[in-house]
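[1] Have a look; sequence and predicted model below, questions after that.
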Amino acid sequence: MSKKTLTVIAIILGLLLLGSLFWGVTRNNAAEELQVEKETISAEAEQLAILRDKLQIEVDSIGVAFESAAADNEELRGQLSEAQEQAKRALYSMRQAQKSRKNDNDVAYQMRVQIEDLINTRATLERNLAELETENSELRKTNVVLRQDLSTAKTEAYEMGKKATNLETMTKSMEAEIEKMTLGSFKASAFQVDLFRGNKGTKLTSDASRVKRINVSFDLTNVPDEYLGVRPIYFVLTDQSGTPVSSENPVTATAIVNGAAMNIIALEGRDVNVEKNQRLSFTHELDTKLKAGFYRAQIFTDLGMLGAANVQLR
């Protein structure tokens, strides 16, 4: 081989060596940048592959040249070995970068899996929250209804309490009045007041708007001898204010109460042969519609009041 040829080969090898050194430095820097800028790994890896292929071709060419000049220039062989080592290091850096990319892809995949799990968990929580909100809404509605029912119950209890108080007051007043007006041992007992629907109906009712007929029965027991015989008996019905219930054919009479004459307006009146012990009754078809409230059924004779009983209509 001529000296001129060796000189040309040496120049080429020198240029290739400088190119390899420059390429090695550049690739090492690129490998470091790959760790920071992972988004460009794929494009740069492809470029490295192209450069690797070119370098391999060039190295193969240099190897052929080195093999031809090995006998004449041992120094060139050492430079070729260094260039090959640099090429190997560049290839190693490229593989490490590709491996790092793969690891990054695995991490990204795991992160996507975790994110999907979190999204599913959030969806489940939102669904459970919606169900709880619906249940709470129903419970709130039920609570409102219960509060309304409780308020209604309290109101009804209060009204019943008032009615009971009124009835108790009315009963005490009636008892005191009876005590004053009755004739001691000549008085009625065991009162029973029944209210019926319809003029001929037999069904009991406490609905004021439906009452058409009233029946009052009572006992006369152990009547003193001086009161035996025929006497007028009157049935009077008054409301809670003491006003007599009107009738198309009222029976007016006078009774002696505590030595004074008392005018009465009765629904019914008839002469009865008073015996020692007997049970009497009055049945009257009402001409007027009653209102809700308390009523008092009173039994009079010409000598005074025999007794009375209260009844409530709603």
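    Thanks, I have the structure now.
[2] Give me the buried stretch members for stretch 288-307, please.
    Buried residues in stretch 288-307, counted by 16 or more other C-beta atoms under 10 Å: 290, 294-301, 303-307. For the C-beta atoms, the positions are set from N, CA and C on the backbone; glycine is no exception.
[3] among the residues you listed, which two are most distant?
    Using C-beta to C-beta, the two most remote members of the buried residues of stretch 288-307 are Leu290 and Leu303, lying 29.5 Å apart.
[4] Now secondary structure, distance to Ala266 and pLDDT too, for the buried residues of stretch 288-307, in a markdown table please.
    Putting the buried residues of stretch 288-307 into a markdown table (DSSP: H, G, I helix; E, B strand; the rest coil; distance: C-beta to C-beta, whole Å; pLDDT from 0 to 100) gives the following:
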| residue | secondary structure | distance to Ala266 | pLDDT |
| --- | --- | --- | --- |
| Leu290 | coil | 17 | 89 |
| Phe294 | strand | 19 | 91 |
| Tyr295 | strand | 14 | 93 |
| Arg296 | strand | 13 | 94 |
| Ala297 | strand | 11 | 94 |
| Gln298 | strand | 9 | 94 |
| Ile299 | strand | 9 | 94 |
| Phe300 | strand | 7 | 93 |
| Thr301 | strand | 11 | 92 |
| Leu303 | coil | 15 | 86 |
| Gly304 | strand | 14 | 87 |
| Met305 | strand | 12 | 89 |
| Leu306 | strand | 13 | 92 |
| Gly307 | strand | 14 | 91 |
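[5] Just name the closest of these to Thr7, please.
    Phe294 (141.2 Å).
[6] Is it correct that that closest one is in contact with Ala309?
    No: with contacts counted by C-beta atoms under 8 Å, Phe294 stays clear of Ala309, the gap being 11.1 Å.
[7] Identify the contacts common to those two.
    Common neighbours of Phe294 and Ala309, using C-beta atoms under 8 Å, 6 or more residues apart in numbering, do not exist here.
[8] Surely Lys291 is in contact with Val211?
    No: counting by C-beta under 8 Å, Val211 is not a contact partner of Lys291; they are 10.2 Å apart.
[9] ok, then the element right after the helix or strand harbouring Gln114?
    Here Gln114, judged by DSSP states H and E, is contained in helix 74-181. Downstream of helix 74-181, the first helix or strand assigned by DSSP H and E is strand 188-197.
[10] And Gln47, how far from Ala292?
    Distance, Gln47 to Ala292, using C-beta to C-beta, to the nearest Å: 102 Å.
[11] swap in Val257?
    30 Å.
[12] OK, contacts around Lys276?
    Per C-beta under 8 Å, 6+ apart, neighbours of Lys276: 221-223, 228.
[13] what stretches of the stretch 201-314 of the chain score poorly on pLDDT?
    By pLDDT under 70, the low-scoring segments of the stretch 201-314 of the chain are 201-202.
[14] Do you have the strands of it handy? List them.
    Taking DSSP state E, counting those that start in this stretch, the strands of the stretch 201-314 of the chain run over residues 211-220, 229-239, 251-257, 260-266, 268-274, 278-285, 293-301, 304-313.
[15] Next, the buried residues of the second one.
    Same thing as strand 229-239. By neighbour count on 16+ other C-beta under 10 Å, the buried set for strand 229-239 is 231-238.
[16] cool, stretch 262-281 as well?
    Across stretch 262-281, burial judged by 16+ other C-beta under 10 Å covers 264-269, 274, 280.
[17] now Val311: how far from Thr301?
    21 Å.
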